[in-house]
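Participant: predicted model and sequence below, questions to follow.
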Amino acid sequence: MRIFSNSAELIAATGSEIGASDWHLIDQRRIDMFAETTGDHQWIHIDPDQARQGPYGATIAHGYLTLAMGPVLCGEIYRIDNVSRAVNYGLDRVRFLSPVIVGSELAARVTFDKVESIGPREVAVYSTVSFETKGGDRPACVASTIGRYYFK
């Protein structure tokens, strides 16, 4: 895990890959809980019998479930200390490039694309988060994220 203590350290990391998370199992229970939470009960996610006959031979995770794994996965990659608050400012671009089939293991890689000083104690961190499945030949999801951090 990389730990950043101030804006200068973040700025120095611009353009570099920060690291990768551990692998996390995406099992049917997690998919079902996400379906229940969001109300998205499409058969490709929650009906293993029907999904066996579908295009992937099994159920797949919701794209937004993959994206929602960002906080836990990124939390294993880096931490920013000495902040009074951190704000998820939003996303510039998200692409779902390949399915996350039930039973897959998911990890993320983070690159800090740009770190911008907003004020004396505030920075905006523009990152690319690439969500990968173990053994996959391309990312499941690539997201351009923006975080704002307010230092004490």
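Facilitator: Right, received. Where do you want to start? Since this is a predicted model, take the numbers as computed values, not measurements. Numbers count the residues shown, from 1 in each chain.

Participant: and residue 34, how far from residue 41?
Facilitator: 10 Å (C-beta to C-beta, to the nearest Å). C-beta coordinates here come from the backbone N, C-alpha and C atoms, glycine included.

Participant: for those two, indicate the residue with more neighbours.
Facilitator: residue 34 (20 against 11; other C-beta atoms under 10 Å).

Participant: identify the residues contacting the host helix or strand of that one?
Facilitator: Here residue 34 sits within helix 28-38, counting by DSSP states H and E. Helix 28-38 is contacted by residues 40-42, 45-46, 48, 59-62, 64-65, 68, 102 when judged by C-beta atoms under 8 Å, 6 or more residues apart in numbering.

Participant: let me know the next secondary structure element after that helix.
Facilitator: Following helix 28-38 in sequence, per DSSP H and E, is helix 43-46.

Participant: burial of residue 22, as a residue count?
Facilitator: Using other C-beta under 10 Å, residue 22 has 12 other residues around it.

Participant: skipping its backbone neighbours, what lies nearest the residue sitting nearest the centre point of the chain in space?
Facilitator: The centre of the chain sits closest to residue 70, judged by C-alpha atoms, centre = their mean, with a distance of 2.6 Å. Nearest non-adjacent residue to residue 70, counting by C-beta to C-beta, 6 or more residues apart in numbering: residue 129, 5.8 Å away.
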